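> Sequence and predicted model, in that order:
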Amino acid sequence: MTTNNAKGAADGDEKYKNASYYGEDIFDDLIAEALDSSQHGDAGPERSTAEPRVVDITPSKKSRRRRSVDDDGDDDDASTWSNRYYQSTKYFGGPGHPVFLIVGGEDALEGMLYPFVTRRLAKHFGAAVINIEHRFYGPYQPIMGRKATVEELLELLTLPQAMADMVRLTRRYKEVDLNCSSYDRSSEEYCPVITVGGSYPGVLSALFRLVHPDFVD
């Protein structure tokens, strides 16, 4: 794997080749480090105050944007909507390093969740982090300007569509923002995607691996 310019990922590529590197020991060490830091007054940041990015069909020089569709498979559908997300490349080691996808749940995102992921795991693995707002739970929705009807929610608020939104946006993020190889897992520039979530987003996180095994590692 390649290490580019992030010091947080420069601890040695040999670690990535060692299967035990991803085992329980490393997470025990990270948890112990986090607890030690909290006892010494470093509890980590609150939710990120970074400005969110919005995806849309309208080109913009101020935001990173892309199309998102109202169904779960037709990229040619002319019906599109804006989707909000947060991202961090503070510790990203360049193509070949992981991407943590923090799955949004049944609430609006007012910043990036899980400081343990953004500060500890991202730093250790040289990873980028993206946190995507779930459709219908923020100010940007497939139905804008009015409340969606029950029939519309039954049609548009489904698990497959929520996952499809996040797959499309994360794939675009990997290719355009991070310059990763999206499909070739043997490539040194391939960036594995690890989903993270708790409660309902935790269920989605597990389902991602089953429904999109070609995308989630």
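Thanks, I have it. Numbering: from 1, shown residues only.
> List the residues that contact Ser199.
Gly105 (Cβ atoms under 8 Å, 6 or more residues apart in numbering). Placement of C-beta: from N, CA and C, glycine included.
> I meant to write Arg171 there.
Counting by Cβ under 8 Å, 6+ apart, Arg171 makes contact with 182, 215.
> Could you list the buried residues of the helix or strand encompassing it?
Under the criterion of DSSP states H and E, Arg171 resides in helix 159-172. For helix 159-172, burial by neighbour count (16 or more other Cβ atoms under 10 Å) applies to 161-172.
> Could you point out the helix or strand that follows it?
With secondary structure assigned by DSSP H and E, helix 159-172 is succeeded by strand 193-196.
> Return the list of strands paired to that next one, each annotated with direction.
Within its sheet, strand 193-196 is paired with strand 99-103 (parallel), according to DSSP bridges.
> and the strand it pairs with with helix 159-172, angle?
150 degrees (axes from the mean of the first three to the mean of the last three Cα atoms, to 10 degrees).
> Does Arg209 belong to a helix, a strand or coil?
Under DSSP: H, G, I helix; E, B strand; the rest coil, Arg209 falls in the helix class.
> pretty sure it is touching Val216, no?
Yes: the pair Arg209 and Val216 passes the contact test of Cβ atoms under 8 Å, sitting 5.0 Å apart.
> Looking at those two now, which is surrounded by more residues?
Val216 (21 against 14; other Cβ atoms under 10 Å).
> Let me know the helix or strand that that one is in.
Counting by DSSP H and E, Val216 is part of no helix or strand.
> How much space separates it from Pro192?
9 Å (Cβ to Cβ, to the nearest Å).
> Between the two ends of stretch 147-158, how far is it?
17 Å (Cα to Cα, to the nearest Å).
> Please disregard the earlier target; I meant stretch 181-193.
End-to-end for stretch 181-193, by Cα to Cα: 12 Å.
> What residues sit buried inside that stretch?
Along stretch 181-193, these residues count as buried under the neighbour rule (16+ other Cβ under 10 Å): 181-182, 189-193.
> Stretch 196-215 now?
Neighbour-count burial for stretch 196-215 flags 196-197, 200-201, 204-205, 207-208, 211-212, 215 (criterion: 16+ other Cβ under 10 Å).
> returning to that earlier point: so which of the buried residues of helix 159-172 comes closest to Val103?
Nearest to Val103 among the buried residues of helix 159-172, counting by Cβ to Cβ, is Met166 at 6.8 Å.
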